[in-house]
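Enquirer: okay, sequence plus prediction incoming.
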Amino acid sequence: MQYTTLGQSGLKVSRLCLGTMNMGSKEWRPWIFDEKESEPIIRHALDNGINFIDLADYYSTGVGEEVVCSVLRRIHRRDALVITTKVGYPMSDDINARGHSRKHLMDAIDASLKRTGMDYVDIYMLHFFDTETPVEETMGALNDIVRSGKARYVGVSTMYTWQLAKIVQVCDRHGWARPINMQLQLNCAYREEEREMIPFCLDQGIGVSVFSPLARGILASDPQSTRSRSDFFIEEMYDDQIAFHIAESVARVARRRGCSPAQIAQAWVLNKPEISSMLVGADSPDQLDSAFAALETELTEDERYELGRNYTPCDPINDYTAGKRIPRHPRPARAPFVD
């Protein structure tokens with residue numbers, strides 16, 4: 001396993017992070033694994049050096065935290081793990097059981113700690129940017145959570161660059177705990193974060209972790225999987241011809257390499273030096289193995305061209321642009337990938 005520090009913090013994390021959205025309760029989504037099904041995947045991750053675990057209270061409406069941490073408490077030392085959980089999406093019909101108000105953040109961290117059976121989380125992460133709550137209120141509450149010892153660090157996820165800039169400015173003005181990690185979506189089929197967000201994070205010393213390196217599965221060339229057939233986000237985010245052309249390019253490079261498309265798509269992310277860590281959501285230990293192999297896969301210039309030649313801009317994928325996509329058209333292939 002390879003390790004790195006998150007931004008300008010001293011926190012060392014594995015370059016692969018175990019994503020756990022698929023662990024919890026099948027009542028939430030049909031493709032979710034229960035505790036018994038999740039344990040072999042978690043064990044395989046830890047046995048191969050992954051120390052970075054990504055949770056969210058929203059996953060299976062809290063059951064995800066319970067399932068994953070029940071396994072972790074039984075099989076591993078808490079102090080050897082870096083555990084992050086996210087907050088913000090609705091946890092019930094209660095109008096205050098969502099968002100990033102001080103009330104909800106204080107209630108939510110206590111609820112997450114109770115579900116995980118732990119005294120603290122390493123990174124407490126905003127799941128999105130709450131436009132209905134003043135930034136000062138949110139970051140002041142997060143700073144108090146850090147000072148209380150219930151979280152070691154602050155993180156953020158999925159927002160516009162100007163929104164992150166606002167967060168950083170407020171933290172610096174008040175001397176509050178700054179975010180050390182930005183978790184964002186990046187893959188061969190969605191690269192909009194390369195324009196502003198990633199350069200801003202590098203400039204500000206904020207680590208970058210990437211989720212959905214397989215574009216919710218379409219880059220793995222497995223359209224018949226349970227998740228591919230039941231995850232409505234796939235249609236919302238990647239239902240355009242360009243995304244499928246990119247998936248074909250990934251498969252083409254994989255065939256020449258003699259490996260899986262997933263390994264190539266993950267290698268594309270991991271080959272980027274600006275990326276601190278990549279989340280891996282696996283349905284089996286074998287799927288984790290493709291990510292381990294991707295860590296050692298160096299792409300050639302021709303392979304990178306083939307993987308990138310179809311990409312053209314699209315609307316950012318976030319909570320504010322659902323269903324808005326720019327029509328995209330591919331560029332022609334060039335040797336050695338001309339059929």
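Expert: Thanks, I have it.
Enquirer: surely A293 is within a helix?
Expert: Yes - per DSSP: H, G, I helix; E, B strand; the rest coil, A293 lies within a helix segment.
Enquirer: what sits against it?
Expert: When contacts are counted by Cβ atoms under 8 Å, 6 or more residues apart in numbering, A293 touches C259, Q263. Every C-beta, even on glycine, is put in place using the N, C-alpha and C of the backbone.
Enquirer: and I275, helix, strand or coil?
Expert: coil.
Enquirer: how far away is it from A267?
Expert: Distance, I275 to A267, by Cβ to Cβ, to the nearest Å: 12 Å.
Enquirer: and if you look at E137?
Expert: Separation of E137 from A267 (Cβ to Cβ): 41 Å.
Enquirer: mind checking which of these two has more residues around it?
Expert: More crowded of E137 and A267, by other Cβ atoms under 10 Å: A267, with 28 against 16.
Enquirer: for whichever strand or helix holds W162, which outside residues touch it?
Expert: In the assignment (DSSP states H and E), W162 maps to helix 161-174. Residues outside helix 161-174 that contact it (Cβ under 8 Å, 6+ apart): 129, 135-136, 138-140, 143, 156, 176-179, 182, 196-197, 200-201, 204, 206.
Enquirer: give the next helix or strand downstream of it.
Expert: strand 179-185.
Enquirer: how about that next one as PDB, C-alpha atoms only?
Expert: The C-alpha trace of strand 179-185 is given here as PDB (Å, rounded to 0.1, in the frame of the first residue of the first chain):
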ATOM      1  CA  PRO A 179     -10.800  21.700   6.000                       C
ATOM      2  CA  ILE A 180      -7.900  19.300   5.300                       C
ATOM      3  CA  ASN A 181      -9.800  17.200   2.700                       C
ATOM      4  CA  MET A 182     -12.000  17.900  -0.300                       C
ATOM      5  CA  GLN A 183     -13.900  14.800  -1.400                       C
ATOM      6  CA  LEU A 184     -15.000  15.200  -5.000                       C
ATOM      7  CA  GLN A 185     -16.200  13.200  -8.000                       C
END
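Enquirer: by contact count, what packs against it?
Expert: Applying 3 or more Cβ pairs under 8 Å, 6 or more residues apart in numbering; DSSP states H and E, we find strand 179-185 packed against strand 121-126, strand 151-157, helix 161-174, helix 197-204, strand 207-211.
Enquirer: among these, which is the most enclosed?
Expert: Mean neighbours per residue, mean count of other Cβ atoms under 10 Å, is largest over the helices and strands packed on strand 179-185 for strand 121-126, with a mean of 25.
Enquirer: for the helices and strands packed on strand 179-185, which one sits closest to A262?
Expert: Closest to A262 of the helices and strands packed on strand 179-185, according to Cβ to Cβ: strand 207-211, at 14.3 Å.
Enquirer: and the angle for the closest one with strand 151-157?
Expert: On the basis of axes from the mean of the first three to the mean of the last three Cα atoms, to 10 degrees, strand 207-211 is oriented at 60 degrees to strand 151-157.
Enquirer: partners of strand 207-211 in the sheet?
Expert: Paired strands of strand 207-211, with direction, are strand 179-185 (parallel), strand 277-280 (parallel) (DSSP bridges).
Enquirer: now the last one: average pLDDT?
Expert: Summarised as a single mean, pLDDT over strand 277-280 is 97.
Enquirer: buried set for that strand?
Expert: Buried residues in strand 277-280, defined by neighbour count with 16 or more other Cβ atoms under 10 Å: S277, M278, L279, V280.
Enquirer: which of these sits closest to S101?
Expert: L279 (27.1 Å).
Enquirer: contacts only, for the closest one.
Expert: Contacts of L279 by Cβ under 8 Å, 6+ apart are L16, C17, L18, G19, D54, Q183, S209, V210, F211, S212, P213.
Enquirer: using the three-state scheme, assign the last one.
Expert: Which is P213. Once three-state DSSP is applied, P213 turns out coil.
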